[in-house]
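Student: Build me a structure from this.
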Amino acid sequence: MTRSHRFGRRPVLALSAALGLMAGSARGQGAPLRLVVGFPAGTTPDTLARLYGASLSATLGQPVVVDNRVGGGGILAAEGVARAVPDGNTLFVAGNGPISINRHLTDRLPFDPDANFRPIGFLGISMQVLVVRPGLATDLAGFLAAARERDVNYGSVGAGSASHLLMAGLSATAGLKAQHVPYRGAPQALIEIASGRLDAMVAAIGSALPLIREGKVIPLAVTGPARDPLLPAVPSFDEAGLPGFVLPVWNALFAPRATPDAAVARIAAALAEAQRDEAVRRGVTAAGFSVEARDPSAMAAFISAESARWGEIARATGVRLTD
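Tutor: Predicted coordinates:
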């Protein structure tokens, strides 16, 4: 399924007239900047892409299109961007799954995260929260006790996603027999928990927050090193007695590996400008994420270290993607 949405051109034309478009970056200027998202409209990656899209459009002087290519937990979108013309006009809005995690779960990825992509910058970083259906438990100890008495099921945003692997790691560490049920995105899984048809899920805080506030899902623990400001009454996993689950989820922009340095620098500068925009910052916070300003080289180092940790969890759980 592919859905494209175009931001308005009038602010772009005004900026172009004032600045004459950035010198040295005229190539492809008339073409739209395509942000390829591997999840449906309304999911966190899609929300962040649209949030940044208007600012990028104004700064770069070209329209921005959000292209939802849903499938394989982001793998379909990744494959498409890896094969795109590396002219700086096609970017991948990626999360942990296709970049840091999937490489540890299969030998048959249709792309190589390192060989096919180069990082540009983060759109947002968030901790995750374990939520359960009402009536199952009110704290982590209660959930673990209930899950040991009977089999439970848990949702994720797709096989090989951060939400899948973290819950698999929790199950392995605590000795649970839990059945994984993948969904196309967090909203679908969270609705199933609220309805009582699904037991649990580890989700980005921003995705779960509306239903938490309504009392329709119960938060038990967050994956950060301490309590999260958005959920001050919810302990961290460390505090709740289950250490070792301190891994954020993030969404970021990546370009095809052969994209010229000048094009990457141009987009990275526009992204940095967007991160200073108060409206963008408020939107990122409202989505349950925080702005993380790192240049491409610092971002690459962060992802490398994080990927090693995901590899440890993958080996400990034995999770593999079905070929």
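Student: Show me the strands in the stretch 201-323 of the chain, by range?
Tutor: Residue ranges of the strands in the stretch 201-323 of the chain, as given by DSSP state E, counting those that start in this stretch, are 218-222, 249-256.
Student: From the contact counts, what lies against the last one?
Tutor: This points to strand 249-256. Counting by 3 or more C-beta pairs under 8 Å, 6 or more residues apart in numbering; DSSP states H and E, the packing neighbours recorded for strand 249-256 are helix 44-60, helix 75-82, strand 90-95, strand 117-126, helix 261-275. C-beta here means a position set from N, CA and C on the backbone, and glycine is covered the same way.
Student: any idea which helix or strand comes after the fourth one?
Tutor: From strand 117-126 onward toward the C-terminus, using DSSP states H and E, the following helix or strand is strand 128-132.
Student: For that following strand, buried residues please.
Tutor: Of the residues in strand 128-132, those buried by neighbour count under the rule 16 or more other C-beta atoms under 10 Å are 128-132.
Student: got those as JSON lines, with pLDDT and distance to Ala41 columns?
Tutor: Below are the buried residues of strand 128-132 laid out as JSON lines (pLDDT from 0 to 100; distance: C-beta to C-beta, whole Å):
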{"residue": "Gln128", "pLDDT": "94", "distance to Ala41": "22"}
{"residue": "Val129", "pLDDT": "97", "distance to Ala41": "23"}
{"residue": "Leu130", "pLDDT": "98", "distance to Ala41": "26"}
{"residue": "Val131", "pLDDT": "99", "distance to Ala41": "22"}
{"residue": "Val132", "pLDDT": "99", "distance to Ala41": "27"}
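Student: Closest one of those to Phe237?
Tutor: Leu130 (7.8 Å; C-beta to C-beta).
Student: Now do the closest one against Leu105, distance only.
Tutor: Leu130 sits 21 Å away from Leu105, going by C-beta to C-beta, to the nearest Å.
Student: what do you get for Thr90?
Tutor: Counting by C-beta to C-beta, the separation of Thr90 from Leu105 is 26 Å.
Student: rewinding a little: deepest of the helices and strands packed on strand 249-256, which one?
Tutor: The highest mean neighbour count among the helices and strands packed on strand 249-256 belongs to strand 90-95 (a mean of 27), with neighbours defined as mean count of other C-beta atoms under 10 Å.
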